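Colleague: below are the sequence and a predicted model for it; my questions follow.
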Amino acid sequence: MSDFVEKRQFARTEVNAALRYQIAGAEVLQDGLLGNISAGGILLWTEQELRVGTILYLHITSDELVETELEVTATVVRIDPVRQGRRFGYGCRFEALYGGPLPNESC
């Protein structure tokens, strides 16, 4: 029997999908990859180095998620110790769900 205790509040779904994000207060949209998603947050893969506590605006579109389109504010809560090539992994907690495009994204 395993001594592993699951600490996650929500089940997660593995997903490989592109997403766009913007650091709060920044002008530029960045490209990232969605590693997994749950009701509480995502695993974001990106080449950009981020710090715990960084606030992000995320635009997630995925056919894999039944053509779901999400726009949320999230906070980086952990840095994954494993890298995917040049990409860093970040555990991000959802803070707010909102409608409309990201602040600097044109329609």
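Modeller: Perfect, thanks for sending it.

Colleague: for stretch 31-45, the averaged confidence score.
Modeller: Across stretch 31-45, the average pLDDT comes to 90.

Colleague: what segments of the chain are strands?
Modeller: All strands of the chain, identified by DSSP state E, fall at 12-23, 30-38, 41-46, 55-62, 68-84, 87-97.

Colleague: want to throw the ones you listed into a markdown table with mean neighbour count?
Modeller: Heads up, the C-betas are built off the backbone N, CA and C, glycines and all. Formatted as a markdown table, the strands of the chain follow (neighbours: other Cβ atoms under 10 Å):
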| stretch | mean neighbour count |
| --- | --- |
| strand 12-23 | 16 |
| strand 30-38 | 18 |
| strand 41-46 | 23 |
| strand 55-62 | 19 |
| strand 68-84 | 14 |
| strand 87-97 | 17 |
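
Colleague: so, low pLDDT: which residues of the chain?
Modeller: For the chain, the stretches with pLDDT under 70 are 1-13, 62-68, 99-107.

Colleague: surely residue 40 and residue 95 touch.
Modeller: No. The criterion here is Cβ atoms under 8 Å, and residue 40 misses it with residue 95 at 10.4 Å.

Colleague: and residue 86, its phi and psi?
Modeller: Here is the backbone geometry of residue 86 (degrees, to the nearest 10): phi -90, psi 0.

Colleague: ok, now how distant is the closest residue to it other than its chain neighbours from residue 81?
Modeller: In space, residue 86 comes closest to residue 47 once its chain neighbours are excluded; the distance is 5.1 Å by Cβ to Cβ, 6 or more residues apart in numbering. Remark: distance between residue 47 and residue 81 (Cβ to Cβ, to the nearest Å) = 17 Å.

Colleague: just residue 35 next, same as before
Modeller: Noted for residue 35: a distance of 14 Å to residue 81, by Cβ to Cβ.

Colleague: residue 54 too?
Modeller: Counting by Cβ to Cβ, the gap from residue 54 to residue 81 is 18 Å.

Colleague: now swap in residue 14 and tell me
Modeller: Distance, residue 14 to residue 81, by Cβ to Cβ: 18 Å.

Colleague: for residue 21, same thing?
Modeller: Counting by Cβ to Cβ, the gap from residue 21 to residue 81 is 21 Å.
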